[in-house]
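Enquirer: Next input, structure requested:
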Amino acid sequence: MTSAEDLTLSSPEFVISSAARRVVVTQRFFDEAAIGLLAENGCEVVIADLPPGQADGDLDQATLETLLTGADGWIVGHARVTRDLLTALPGLKVISRRGVGYERIDLDAVRDLGRVACIAAGGNDASVADHTIALMLALGRRFRESQDRMLTGNWSILMGTDLYRKTVGIIGLGRIGRSLIQRLRGFEARILVLDTGRGSQDAAAGDLEFVSLSELLAQSDYVSIHAPLTPQTRFMIDAEALAQMKPTAFLINTARGGLVDDVALLDALRAGTIAGAGLDTFVSESDPGYRPVSDALLALPNVVGTPHAAASSREGLDRSNRVAALCIVDVLQGRTPPAACVVADGRTLTPA
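Expert: This is a model prediction of the structure:
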């Protein structure tokens, strides 16, 4: 864990007066336009200067308390927002995630303590959907395996497989799942959907087939996960689920580590139960004890891995930064951010 003495704060050159509302940003790649938007709306913007290789999810509570003392707003990445932390920061009014997952935020504590928690809904949908397509193509056409062989002097051709007119199973039909569907239509894919409860408005779409998890796993050439991580969805793709997939099928996870049992996935890949996996998220992100499993997965030739980077295009980060900043401004100016962005609002509770 990073301690307070390892970390410094920096303020942009156009920070306004000390009487301004203080907004602390503990995310990297927070762009000048988003900083300017906050400053123009009466906020003093303070950027946490994290040590190389560190993210705010690596910071302990004492360090976070030091960073956030006096803050009215916090733009956060993967730090855990706990009841103890919020209690220690009575002036913190709004927590705004530059992202869409919120499993690390204690929503009950946010409500109980009268705070507001937001996500950057709509900011990274396109970026994650593009990344998912990239993983599908890389796996099907065996990009990694081909380049590794070429580096050893072996330029023989490996036979790949198309995405064109394949059956793609999508688990979860939120914003990213729907963005992926738009792209898959260009490949003339047959699209199977397991609706986890957020996409029922799309049930009338003629080219979507709503199926059970078992049907989706058994029929799909590519299975792509876009569900939230909850106690109910944790390890939803386990050894039993993997055994239902085709031996020629690929698994893609650009959602959350913990939706897939990585130990079971490693066993399945080694046994040839499935053909390969594209992984942007790993259990080891939240449980370091799984790091050897992640390393073993990444060493396999039929795994393409990225470090939870699907949302991190320049354009996606700029959009997400702006949405996160606008949520901060709305709350600090007494308004309610767009409904899709608000995951907890304790201001609406009437004290007992």
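Enquirer: contacts and neighbour counts: CA atoms only from here.
Expert: Noted.
Enquirer: the helices in the stretch 151-300 of the chain, which residues?
Expert: 175-185, 213-219, 239-243, 262-271, 291-298 (DSSP state H, counting those that start in this stretch).
Enquirer: Please name every helix or strand in contact with the longest one.
Expert: I take that to be helix 175-185. Judged by 3 or more C-alpha pairs under 8 Å, 6 or more residues apart in numbering; DSSP states H and E, the packing partners of helix 175-185 are helix 125-140.
Enquirer: List the buried residues of the helix it packs on.
Expert: Applying a neighbour-count criterion of 16 or more other C-alpha atoms under 10 Å, one finds 125-133, 135-140 buried in helix 125-140.
Enquirer: With stretch 43-58 instead?
Expert: Result for stretch 43-58 [16+ other C-alpha under 10 Å]: buried residues 43-50, 55-58.
Enquirer: tell me which of those is nearest to Pro231?
Expert: Using C-alpha to C-alpha, Gly57 comes nearest to Pro231 of those, at 20.5 Å.
Enquirer: right, and the secondary structure at the closest one would be what?
Expert: Following DSSP: H, G, I helix; E, B strand; the rest coil, Gly57 is assigned to helix.
Enquirer: Now do the residue lying closest to Val263 once chain neighbours are set aside: how many residues are near it, please.
Expert: In this structure, Val263 finds its nearest non-sequential neighbour in Val293, 6.4 Å apart by C-alpha to C-alpha, 6 or more residues apart in numbering. As a burial measure, Val293 scores 19 neighbours (other C-alpha atoms under 10 Å).
Enquirer: Was I right to think Val293 contacts Ala264?
Expert: No - when contacts are counted by C-alpha atoms under 8 Å, Val293 is not listed as touching Ala264 (9.9 Å).
Enquirer: Please, which helix or strand holds Ala109?
Expert: Element membership for Ala109 (DSSP states H and E) is helix 107-112.
Enquirer: List the buried residues in that helix.
Expert: Buried residues in helix 107-112 (16+ other C-alpha under 10 Å): 107, 109-111.
Enquirer: any idea how far the residue nearest to Val263 is from Val329?
Expert: 42 Å (C-alpha to C-alpha, to the nearest Å).
Enquirer: I'd assumed Phe30 was in contact with Ala48.
Expert: No - between Ala48 and Phe30 there is no contact under C-alpha under 8 Å: 10.5 Å.
Enquirer: Leaving out the residues flanking it, which one is nearest to Arg142?
Expert: Gly160 (6.0 Å).
Enquirer: How many neighbouring residues does the one you found have?
Expert: Count around Gly160 with other C-alpha under 10 Å applied: 13.
Enquirer: Right, I'll call it a day here.
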